[in-house]
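*Asks:* Starting from these lines, generate the structure:
(chains A and B)
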Amino acid sequence: MGSSADGLVKVSRSRAVYKQVTGRKYAYLLVSAVALVVAMVADIVTGPSGLSVRQAVATIISPGSADTTTRAIVWLIRLPVAVTALTVGASLGMAGAEMQTILGNPLASPYTLGIASAAGFGAALAIVLGVGVMPVAGQFLIPLNAFVFALLCSFVVYLVARLKQATTETLILAGVALHFLFSSLIALLKYLATSERLHAVVFWLFGDLNKARWPDIAVIGSFLLVVYPILARDAWKLTALRLGDEKAESLGVDVERLRLKVLLLISALTATAICFVGTIGFIGLAAPHIARMLVGEDQRFYVPLSTIGGALLLSIASIASKSIVHGVVFPVGVITSFIGIPFFVSLVLRKRKRFW
Amino acid sequence: MKLCIEGLTFAYSSRTVLEQINLEVNSAITVVIGPNAVGKTTLLKCICGMLKPRGRILLDGRDIGTFTGKEAARIVGYLPQEIYGGTALTVLEAVLLGKLHSLRWRVSDDDLDIALEVLEELGIANLALRSLRELSGGQRQLVSIAQVLVQRPGILLMDEPTSNLDLQHQLEILTLIKRMTRERGLITIIAMHDLNLAARYADNIVVLHQGRVYASGRPASVLTAEVIRAVYGVEARVSVDDDDVPLITPVRSVRDTK
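*Replies:* Prediction:
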């Protein structure tokens, strides 16, 4: 009797200590999710033709009630952009968080291993020479090319890592080599391109949320929903990876296998996201940093927060891209760097504690 | 419990590091000493199953090679030399990771209880909510020990657990390890450079030299001037202090270093 009462006291006490650790983290998740919804609504109402929040929400909930023009603006222009920002930002945030985890490096982003330049090369190949990797690609020629080359790049990194050991050094060296290879190939294609096609290549490389249509968005979104549960199953193992390879291995983690598995998952995720919109920088680097500052590296909080954070950052960038000059929509890839980097640097400089 | 190592040989590609190691280790503190690169760490990694050597390692008659990764992680607690301090985890989260094989998405009461219990046992429950980054070297070492102890291992392998600590922390950590070893009947194997600390805390000492066991036994019988000259190439005076513990005073290298 006495012992069970004693046990009960201890259970509630250790649970209480644990709640002190996790309580704040749930709060951050909730707040960021609310901020994301607000940002998305703001994104939808921002644009050359004025739209009130009530109009926008009503049109989304019951499209039939709105007049044709409003319906067209919301459903064909504003909403696709807002949802693209959501899904692409979330994909980049998630991929960035895991890339920093498996490479054990705060400078890592989804693009560290050359994936962005590979995708860019694939797209440029389609734009300049009209060469596709798939026989029947039709209107999907450019995204499909970008996707295939992005995956090809990460697959080469994967193979190199399999042949040697999958240490972070091997991965980064292979990735950096491929990055330079594809960058120079892009430069070559630009050199060969007519000025009209050169313009199209440059425009693709910027990254632009207006490119994606509903079917594209559905692909990005559903891929995100498939990948996250797989990553979540290894949440504790991935957290343990941050204690160092040796410690993780001694705890029974097959470090090499885990690293390669996650590499393939996030490469596919990144490739899917950027093949429709082009390369959008900064999100996959900054979102994980901010998430880590707020909730630490317990993957059960770190990855979801980085995902929501990525979506939030890209939504804000999307709003900014429409509001800097009235009537002009800048490519969002330019904006993320413009507003993102000063913000990010100030965040890093202001922090009192070391976060890596 | 008894750990028997029979004919253990290990090579990194073509370079043989350990050759025909035969050892019997009981529930006590065994300290492995020897010069740099002699294979102390390699030996520990072989025992915890991270490296696959030739020969056999038997725990109470069962070959360690037949343990699954999960089983091995439960039985053997390994404390690597390099401890990552830069991780944004709280002490409680870091200690919970020691129970990796039983952790689910929702952390169970049992796992939380054990984690807190061990933190209390080591006197660092007050650090539970602190981030690993904010801790001193000594506190961080205590956290890693807690992380190993929550596994409730039978074998404790530690690689240079005191190398980055000041004098007081060195003594405190080793006293703690000694107490845990006694209370829990652990087989504790520690790789170490400091001969005087080894002399004071070891029940047995194993001297590695050129990939083989050069000598093993009680500290007083192993730590002699002859052994130190042969293995380390150092002239040393060995006396016995007031506690009957050998005291080694290194004097000079036998290499001519004018």
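*Asks:* distance between the lowest-mean-pLDDT helix or strand in chain B and the chain's centre?
*Replies:* Ranking every helix and strand in chain B by mean pLDDT, DSSP states H and E puts helix B:69-75 at the bottom, with a mean of 79. Distance, stretch centre to chain centre, for helix B:69-75: 17 Å (CA atoms, centre = their mean, to the nearest Å).
*Asks:* Identify the residues contacting it?
*Replies:* Under the contact criterion CB atoms under 8 Å, 6 or more residues apart in numbering or on different chains, helix B:69-75 has outside partners A:250-252, A:254, B:48-49, B:59, B:64, B:67, B:100-101, B:151-155. The C-beta positions use only the backbone N, C-alpha and C, and glycine is treated the same way.
*Asks:* near chain B, which residues of the stretch 201-350 of chain A show up?
*Replies:* With the criterion set to CB under 8 Å from any CB of the partner chain, the stretch 201-350 of chain A comes near chain B through A:232, A:235-237, A:239-240, A:242-244, A:246-247, A:249-254, A:292-293, A:296-298, A:300.
*Asks:* re earlier: after the least confident helix or strand of chain B, which helix or strand is next? Please name it.
*Replies:* Per DSSP states H and E, the first helix or strand lying C-terminal to helix B:69-75 is strand B:76-79.
*Asks:* Can I get that following strand in PDB, CA atoms only?
*Replies:* Extracted in PDB, the C-alpha atoms of strand B:76-79 (Å, rounded to 0.1, in the frame of the first residue of the first chain):
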ATOM      1  CA  VAL B  76      26.500  -2.700 -22.600                       C
ATOM      2  CA  GLY B  77      26.800   1.000 -21.700                       C
ATOM      3  CA  TYR B  78      29.400   2.800 -23.700                       C
ATOM      4  CA  LEU B  79      30.700   6.300 -22.900                       C
END
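*Asks:* Quick one: distance of the next helix or strand after that strand to the chain centre.
*Replies:* Downstream of strand B:76-79, the next assigned helix or strand under DSSP H and E is helix B:91-96. Computed by CA atoms, centre = their mean, the chain-centroid distance of helix B:91-96 equals 21 Å.
*Asks:* contacts for the helix or strand following helix B:91-96?
*Replies:* Next along the chain after helix B:91-96, taking DSSP H and E as the criterion, comes helix B:109-121. The contact list for helix B:109-121 (CB under 8 Å, 6+ apart) reads A:10-11, A:13-15, A:17-18, B:91-92, B:95-96, B:98-99, B:102-103, B:125, B:127-128, B:146, B:149-150, B:152.
*Asks:* Recalculate using a threshold of 7 Å.
*Replies:* A:10-11, A:14-15, A:17-18, B:92, B:95-96, B:99, B:102-103, B:125, B:128, B:146, B:149-150 (CB atoms under 7 Å, 6 or more residues apart in numbering or on different chains).
*Asks:* A:Thr70 contacts A:Val57, correct?
*Replies:* No - taking contacts as CB atoms under 7 Å, A:Thr70 lies outside contact range of A:Val57: 11.6 Å.
*Asks:* Between those two, which has more neighbouring residues?
*Replies:* Counted by other CB atoms under 10 Å in any protein chain shown, A:Thr70 and A:Val57 do not tie: A:Thr70 has more neighbours, with 17 against 14.
*Asks:* Now do the contacts for the more buried one.
*Replies:* Contacts of A:Thr70 by CB under 7 Å, 6+ apart are A:55, A:59.
*Asks:* did I read that right, B:Thr16 in a strand?
*Replies:* Yes - according to DSSP: H, G, I helix; E, B strand; the rest coil, B:Thr16 belongs to a strand.
*Asks:* Got the confidence number for residue 79?
*Replies:* Looking at chain A here, since you left the chain open. Listed pLDDT for A:Leu79 reads 92.
*Asks:* other chain: chain B
*Replies:* On the pLDDT scale, B:Leu79 gets 89.
*Asks:* May I ask which helix or strand encompasses A:Leu198?
*Replies:* With DSSP H and E as the criterion, A:Leu198 is inside helix A:195-206.
*Asks:* those strands in the chain, which residues are they?
*Replies:* Unless you meant another one, I'm taking chain A. Counting by DSSP state E, one finds no strands in chain A.
*Asks:* that's the other chain; I wanted chain B
*Replies:* B:2-12, B:15-26, B:29-33, B:54-59, B:62-63, B:76-79, B:155-159, B:187-191, B:204-209, B:212-217, B:234-240, B:246-253.
*Asks:* which residues sit against the fifth one?
*Replies:* Among residues not part of strand B:62-63, those counted as contacts by CB under 7 Å, 6+ apart are B:56-57.
*Asks:* Now find how far off-centre it is within its chain.
*Replies:* For strand B:62-63 - counting by CA atoms, centre = their mean - the centre lies 21 Å from the chain centre.
*Asks:* try the longest one
*Replies:* What separates the centre of strand B:15-26 from the centre of its chain is 16 Å, taken as CA atoms, centre = their mean.
*Asks:* Could you pick out the residues of chain B near chain A for me?
*Replies:* Taking CB under 7 Å from any CB of the partner chain, the part of chain B that reaches chain A is made up of B:48, B:50, B:69-70, B:72-73, B:78, B:80, B:82, B:84, B:86-90, B:92-93, B:97, B:100-101, B:103, B:105, B:107, B:109, B:112-113, B:116, B:128-129, B:131, B:133.
*Asks:* now those residues: which count as buried?
*Replies:* B:48, B:50, B:69, B:72-73, B:78, B:80, B:84, B:87-90, B:92-93, B:97, B:100, B:103, B:107, B:112-113, B:116, B:128, B:131, B:133 (16 or more other CB atoms under 10 Å in any protein chain shown).
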